[in-house]
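> just a sequence and a predicted model for now, questions to come.
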Amino acid sequence: SDETVIAKLMRACGSDSAIPLIMGVDALVAGLVNVLLHIIVELFFICSLVLGIDSTASTAAFLVHHLAANPEKQQKLYEEICTVIGPTGKMNEKGLSKMKYLKACQTESQRMCPAFFGTSRRLQVLTAFSFEMKLFLQADTVIGGYEIPKGSIVVRVGHSMSNSAENFVEPDKFLPERYS
């Protein structure tokens, strides 16, 4: 004889009862929700991994591009590597911390071609706080001469700022020496 939960319910409640059907549908929906949650969690981790790999890969690719386009910078970095760890040495944390020109090259490459376009924030300027009501009030504000209404989303376009002649001398040139 069938000893599944549904079979036992049908025997106990009768074949005309809706209870076994409702319990079966409930179990099916719970199972589907569980499967969907697992899929969503796996997709989240896969997307996070891919985004991390993508930004790391593009960062490395831009650094290699900048060094290839500037052989004198590449040579200077090679000399630093040979000095710190030797031409066939192994990299470690101590050696890496001594490589100032490598860090300057990476920083300059990121200035020219940042991994991310920019950042954004919803404007939340606190003007008052009441401990009794635990209420934060927001207000309009002025940033750089521009009036920004409360609740606005402010976007910082890092690429434009880091490639502007207002902020960097010769912004189109790969000059790691800016940071060394």
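The structure has been received and is ready for your questions.
> check contacts around the closest residue to Gln110 other than its chain neighbours.
Sequence neighbours aside, Thr59 is the residue nearest to Gln110 in space, at 6.7 Å (criterion: Cβ to Cβ, 6 or more residues apart in numbering). Yep, even glycine has a C-beta here, placed from its N, CA and C like the rest. Contact analysis of Thr59 by Cβ atoms under 8 Å, 6 or more residues apart in numbering lists 106, 109-110, 115.
> show me where this structure has strands.
Along the chain, the segments classed as strands by DSSP state E run 119-122, 126-130, 135-138, 141-143, 146-148, 153-156.
> low-confidence ranges in this structure?
Low-confidence segments of the chain, defined by pLDDT under 70: 29-54, 87-88, 121-138.
> all helices for it, in order.
Counting by DSSP state H, the chain forms helices over residues 5-13, 19-69, 71-85, 93-98, 100-112, 158-162, given from the N-terminal end onward.
> of all those, which one comes closest to Glu170?
Closest approach to Glu170 among those is made by helix 100-112 (11.1 Å; Cβ to Cβ).
> elements contacting the closest one?
In terms of contacts (3 or more Cβ pairs under 8 Å, 6 or more residues apart in numbering; DSSP states H and E), helix 100-112 is packed against helix 19-69, helix 71-85.
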